[in-house]
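In: Test case, fold it:
(2 chains)
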Amino acid sequence: KQEVTQIPAALSVPEGENLVLNCSFTDSAIYNLQWFRQDPGKGLTSLLLIQSSQREQTSGRLNASLDKSSGRSTLYIAASQPGDSATYLCAVVSIYGQNFVFGPGTRLSVLP
Amino acid sequence: DAGVTQSPTHLIKTRGQQVTLRCSPKSGHDTVSWYQQALGQGPQFIFQYYEEEERQRGNFPDRFSGHQFPNYSSELNVNALLLGDSALYLCASRQRGAGTDTQYFGPGTRLTVL
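Out: Residues are numbered from 1 along each chain as shown, chains lettered A, B, ... in the order given. Here you go, the predicted model:
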């Protein structure tokens, strides 16, 4: 059974810092991995998608890497801003099914 | 394009009652999945529908059931509500055969069970 964990559970940083969010998964037989952002009480916004054959993806100040063999992904946020404050969720899709398995999320607060 | 829509936005029920949540998929999408997100946790997969049938199911009891209509919209029904059913219920849609990168989530329905 696929399990996804995320470290840290919560993070508070001053504006302008670069930061790294970590995601681990137990089964390397994945189709892809996605990072989502969720604002309080809201739905999910997809940030970055990494296919199983890829090593990383970049979008603006965000960079996500994938090491499938070790079951790890990192989300790097450069020059953090207060508007980045949200919960960041990592999710994998197994090659055996098309549903997401989510981690518990990292709650990020960027202080002005 | 309205994207994925869900109704109602919020709902309050008491233990033992039954509830129905609704989801309209993004235009062109024929596959709908439902997720439950308890407070402080990541979403958990409930089930997926396409061609009006349940195709995959997560680890949820039979109290959770669903339906998909010919226009691809979907309902999630929960019977005999428990306090632990309080959560944000998310609907996601995609086009069958397309990858999950084309899957879109709705804003969710917040269910509170008292």
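In: Could you tell me the end-to-end distance of stretch A:97-108?
Out: From its first residue to its last, stretch A:97-108 covers 30 Å (CA to CA, to the nearest Å).
In: Can you give me the neighbour number for the nearest residue to residue A:31 once chain neighbours are set aside?
Out: Using CB to CB, 6 or more residues apart in numbering or on different chains and skipping the chain neighbours, the partner closest in space to residue A:31 is residue A:93 (4.4 Å). C-betas here are computed from N, CA, C, even on glycine. By the criterion of other CB atoms under 10 Å in any protein chain shown, residue A:93 has 22 neighbours.
In: Next: the one 10 residues further on.
Out: By other CB under 10 Å, 25 other residues sit near residue A:103.
In: Where do the strands of the chain begin and end?
Out: All of this refers to chain A. Taking DSSP state E, the strands of chain A run over residues A:4-7, A:10-14, A:19-25, A:30-38, A:44-51, A:56-59, A:62-67, A:72-77, A:86-94, A:100-102, A:106-111.
In: not what I meant, chain B
Out: Ranges of strands within chain B are B:5-7, B:10-13, B:19-24, B:31-37, B:44-50, B:53-57, B:64-68, B:74-78, B:87-94, B:104-105, B:109-113, based on DSSP E.
In: Looking at chain A, which residue is nearest chain B?
Out: Distance from chain B to each residue of chain A (CB to the nearest CB) is smallest for residue A:102, at 3.2 Å.
In: Can you check what pLDDT the model gives that residue?
Out: At residue A:102, the pLDDT value in this model is 96.
In: Setting aside sequence neighbours, what's the nearest residue to it?
Out: Here the residue nearest residue A:102, using CB to CB, 6+ apart, is residue B:42, at 3.2 Å.
In: Output the set of residues of chain B in proximity to chain A.
Out: Residues of chain B lying close to chain A (CB under 8 Å from any CB of the partner chain) are B:33, B:35, B:40-45, B:48, B:56, B:58, B:88, B:90, B:92, B:99-101, B:103, B:105-108, B:110.
In: thinking again about what came up before, for residue B:83, find the nearest of the strands of chain A.
Out: strand A:100-102 (22.4 Å; CB to CB).
In: helices or strands up against the closest one?
Out: Here strand A:100-102 touches strand A:86-94, strand B:44-50, going by 3 or more CB pairs under 8 Å, 6 or more residues apart in numbering or on different chains; DSSP states H and E.
In: Please look at the residue nearest to residue A:31 and residue A:30 and confirm they touch.
Out: Yes: counting by CB atoms under 8 Å, residue A:30 is a contact partner of residue A:93 at 6.3 Å.
In: check contacts around residue A:64.
Out: The contact partners of residue A:64, by CB atoms under 8 Å, 6 or more residues apart in numbering or on different chains, come to A:33, A:35, A:47, A:48, A:50, A:56, A:57, A:58, A:73, A:74, A:75, A:76.
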